[in-house]
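[1] Got a sequence here, can you model it:
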Amino acid sequence: MTVAHRPYPRWRAWVLALISISMITGAFGFSAPPAQAVSTGPTMSNGWMLPAGKTYQPSTGFLANDCGHPEYGVYYGTNSGKFHTGADLAIASNVYEGDNVFPVAAGTVIKMDWSAGWSAPGKRNNVGLFVRHAAPDGTQFVALYGHIVPAKSWKVGDSFIAGTILGKIGDYGSNGDHLHFGMYPGANMPASPYGSQSCSKWGNNNGAVDPLAFLNAHPNTFAAIMRYQHQHKIVSWNNGAGKQATSWIVLDGKRYWVEDIGTFFCARDHNGYADHGLQSATVLNVLPDQKGQHASPKINWSSCIDFVIVQWANGGGKPNTSWAVINGKRYWIKNAATFNCLKTKYGYHDRGVQSSSVLNALPDQKGHWVVCDV
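    Numbers count the residues shown, from 1 in each chain. From the prediction side, this is the model:
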């Protein structure tokens, strides 16, 4: 007497998936960013907050110099023998003494520098504040907010949220009041000097980069945050009315359709795609849907053995022999109707013809076959 084996019901698989979604999102996975204070300063198009003023219009730009490179603009316009390693936000950016200075985002103080160069001659009331930030893509950088009167005695390790007032634009005497905005990729404190370098060092910016170009390359927009937050994750859309959810894997900020339950579990359980569950249309719309492109070619199937169909080519024009793999074992698929039912109703992924070495590693349950409710 032959014994039939019913395949794992698809609805049960999805119930377990939804339970896993709840457990994962609650304990380890996606959570909304912490609430942050509302800033009175504007946000730039790259998603980062403008540290001072109303527009990003440096009066003295990055690499402005008195070193014979006029394409970058002049520094002091004299024979200062120096070049600039930051961007000065001043009157052109509607920046004046006493204006608030904000961080570009949440961050942590790594140094408050009281060097004399931050203040007007004869005064020591201004500082250079060095703050470590992180972009949504994980890139860390140190921003320098120079010539400011600090809002408090900042200590190394002090952390704050976006919108925190770091200080105010300080008096810089005849040099003109402004914010020196510097940018240093990496997590560590840069080496001095900070605001400028000798012309003899031209080509060596001491680790500094163009602040705006760097922030543009690592945007802090909603789309960027969602792209990196959901990278290498599974996201789903609730089709409603009791219909099965549609799911995608996210790679490089793009969505690839998870066409069946076998692909879903292979991606989640064997390829490290954490299930981020149901998402809003707002989130999905910033993750472009790669229509016509499935998830299955994007994942590694070598360790995925369940919820799949495997075949053996009998040759000579004979139909292939097919099996459903359940708990690492093969169960014979008797006919085309059962084959199609497993794929369309229960989401078994058809991995096609396999080698004898692959099939031998999946014990054949001879005398047992799969029953599908066609």
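[2] Now do the domain split for this protein, please.
    The chain breaks down by automatic domain parsing into domains covering 1-30+230-374, 70-217.
[3] Just tell me which of the ones you listed ends up closest to residue 42.
    Nearest of the domains of the chain to residue 42, taken as CB to CB: domain 70-217 at 9.7 Å. All C-beta spots, glycine's among them, are computed from the backbone N, C-alpha and C.
[4] Compare the domains of the chain and say which comes out lowest on pLDDT.
    In terms of average pLDDT, domain 1-30+230-374 trails the rest of these, at a mean of 82.
[5] do you know how far residue 326 is from residue 261?
    With distances taken as CB to CB, to the nearest Å, residue 326 is found 12 Å from residue 261.
[6] what's the overlap in contacts for these two?
    residue 307 (CB atoms under 8 Å, 6 or more residues apart in numbering).
[7] sorry, back to before: dump the domains of the chain into CSV; add mean neighbour count and distance to residue 49 as well.
    Shown next, in CSV, are those (neighbours: other CB atoms under 10 Å; distance: least, CB to CB, whole Å):
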stretch, mean neighbour count, distance to residue 49
domain 1-30+230-374, 16, 20
domain 70-217, 18, 5
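[8] Out of those, the one nearest residue 46 is which?
    It is, among the domains of the chain and with distance given as CB to CB, domain 70-217, at 5.0 Å.
[9] Tell me the gap between the closest one and the middle of its chain.
    26 Å (CA atoms, centre = their mean, to the nearest Å).
[10] same check, this time on stretch 258-273
    Using CA atoms, centre = their mean, the offset of stretch 258-273 from its chain centre is 21 Å.
[11] ok so residue 131 is a strand residue?
    Yes - secondary structure of residue 131 (DSSP: H, G, I helix; E, B strand; the rest coil): part of a strand.
[12] Pull the contacting residues for it.
    So residue 131 contacts 103, 107-110, 142-145, 166 (CB under 8 Å, 6+ apart).
[13] ok, so of those, who is nearest residue 154?
    Taking CB to CB as the measure, residue 154 lies nearest residue 109 of the contacts of residue 131, at 4.7 Å.
[14] where's the closest one, which helix or strand?
    Residue 109 is part of strand 107-113 when elements are defined by DSSP states H and E.
[15] Sheet partners, orientation included, of that strand?
    Here strand 107-113 is paired, per DSSP bridges, with strand 127-134 (antiparallel), strand 159-160 (antiparallel).
[16] Figure out which of these is closest to residue 242.
    strand 127-134 (42.0 Å).
[17] following the closest one, which helix or strand comes up?
    strand 140-150.
[18] Please enumerate the strands of the stretch 251-374 of the chain.
    Ranges of strands in the stretch 251-374 of the chain, per DSSP state E, counting those that start in this stretch, are 254-257, 274-278, 289-294, 308-312, 321-326, 329-333, 349-353, 364-370.
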